[in-house]
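Let me see the structure of the following:
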Amino acid sequence: MNTIIILTVLVVIFALAFDFINGFHDTANAIATTVSTRALSPRVAIVLAATMNFIGAITFTGVAKAIAKDIVDPFALSNGTYIILAALLSAIIWNLVTWYFGIPSSSSHALIGSLAGAAIAAAGFSAINFSGFIKIIKGLLFSPFIAIIIGFLMMSLFRMIFKNFNLYRSNKGFRKVQIFTAALQAFTHGTNDAQKSMGIITMALIAAGFQSGDDVPMWVRVSCAAAMGLGTSIGGYKIIKTVGGKIMKIRPVNGVAADLSSSIIIYGATQIGLPVSTTHVISSSIMGVGAAQNAKGVHWGVARRIVITWVITLPIAILLGGLIFTIFNLFI
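Predicted coordinates for the structure are as follows:
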């Protein structure tokens, strides 16, 4: 019993560490356009994002429940705590590697892939809840393409509505609007991303026998929200630089279009309890906006580098999660 308690405490610690890292890794995407257009200073933007992330994180639990039961069945795991711990270590390692190189990789892909890989290493493919897992993977795969389309349509609509407006005045007005859209995007980020760690902790509580249902305890919601908010306050300037300037030269009108497009998709996914990669959605929205503004103005080389990272994250996470669990199995 003491071992189970210690392992569960370790899962909680590493899950909060993952949320903290996610805060400065992924939340940078939410404020990248606002910082790049100088609508807000980095310091003010980070405080705004941290606050709105916290509020968003404690508002919803649907995504947390999906993570807790749709990938693997926590009630059927005989060594579930080790599986979850291996998955968290794997996801944290990948997040830190991609953050170090300034690549906007997906924390969602890293966590979900790592969990699947550790479960497969522990109990074979039968451990995977394939109907739920495939549903989540579909959401992760299709959401970036939807984001490109909505970003393209949103920017096309803005160009049509504001084509006769004075460019300077329009940009000045849109720069003010960006404060609202950045707050909205940070809020939607919290509604989806912070819940993934909530789901992991809830799964660990079920696997350890401390909980019989998939409801997310309030202390889990608050602690995960606080960890992500604290991580956001640290900032992720390397990611901001890539997303906010290297994909395309972003003007305030582009930032508003991209923020609104990605917020719609992330919030819609949260409403149906589907985890999506906020990194993918935000970066793809910027690509769609750029294509509508001027396809030649998009730095497709940088975009290609981001897409490659998206593609390789899931299989690498599966392998890394399986490897770490195998190491646990050898020594423990």
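
On the three-state scheme, S105 is what?
With DSSP: H, G, I helix; E, B strand; the rest coil as the basis, the three-state label of S105 is coil.

So it sits against L96, correct?
No: in this structure, S105 is not within contact of L96 by C-beta atoms under 8 Å, at 10.3 Å. C-beta coordinates here come from the backbone N, C-alpha and C atoms, glycine included.

So which of these two has more stuff around it?
Neighbour totals were compared for S105 and L96, and S105 leads with 26 against 11 (other C-beta atoms under 10 Å).

Would you map the strands across the protein?
Counting by DSSP state E, the chain has no strands at all.

low-scoring stretches of it, by residue?
Applying pLDDT under 70 to the chain picks out residues 1, 25-30, 74-77, 102-104, 167-168, 235-249, 295-303, 306.

Kindly recompute the last result at 50.
Residues of the chain meeting the criterion pLDDT under 50: 244-245.

Looking at it, which helix is longest?
Secondary structure of the chain per DSSP state H: the longest helix is helix 167-207.

what's that one packed up against?
For helix 167-207, the packing partners by 3 or more C-beta pairs under 8 Å, 6 or more residues apart in numbering; DSSP states H and E come out as helix 2-36, helix 42-57, helix 62-69, helix 80-100, helix 107-123, helix 218-234, helix 252-271, helix 278-294.

and it with helix 2-36, angle?
180 degrees (axes from the mean of the first three to the mean of the last three C-alpha atoms, to 10 degrees).

Could you tell me the angle between helix 167-207 and helix 218-234?
Going by the same axes, to 10 degrees, helix 167-207 makes 140 degrees with helix 218-234.

Report the distance from helix 167-207 to the chain centre.
Mean-position distance between helix 167-207 and its chain equals 9 Å (C-alpha atoms, centre = their mean, to the nearest Å).

again, but for stretch 320-332
Mean-position distance between stretch 320-332 and its chain equals 25 Å (C-alpha atoms, centre = their mean).

Show me which residues of that stretch are buried.
320-322, 324-325, 328 (16 or more other C-beta atoms under 10 Å).

Of the residues you listed, which is the nearest to F60?
Using C-beta to C-beta, G321 is the member of the buried residues of stretch 320-332 that sits closest to F60, with 26.0 Å.

In contact with A292, which residues are there?
A292 sits next to 151-156, 159, 257 when contact means C-beta atoms under 8 Å, 6 or more residues apart in numbering.

farthest-separated two in the buried residues of stretch 320-332?
By the measure C-beta to C-beta, L320 and F328 form the most distant pair in these, at 12.8 Å.

Just want to check the distance between the residue of the chain positioned farthest from its centre and F174.
Of all residues in the chain, N164 has its C-alpha farthest from the mean position, at 37.4 Å, by C-alpha atoms, centre = their mean. Counting by C-beta to C-beta, to the nearest Å, the gap from N164 to F174 is 15 Å.

Over to S223?
Distance of S223 to F174, given as C-beta to C-beta: 37 Å.

Mind listing what's buried along stretch 59-68?
If you call a residue buried by 16+ other C-beta under 10 Å, then stretch 59-68 has these buried ones: 60-68.

ok, so of the residues you listed, who is nearest F14?
Among the buried residues of stretch 59-68, and counting by C-beta to C-beta, the member closest to F14 is I67, at 14.9 Å.

check contacts around the closest residue to that closest one other than its chain neighbours.
Distance criterion C-beta to C-beta, 6 or more residues apart in numbering; nearest residue to I67, sequence neighbours excluded, is G199 at 2.8 Å. Residues in contact with G199 (C-beta under 8 Å, 6+ apart) are 63-68, 216.

Having no further points to raise, I will conclude here.
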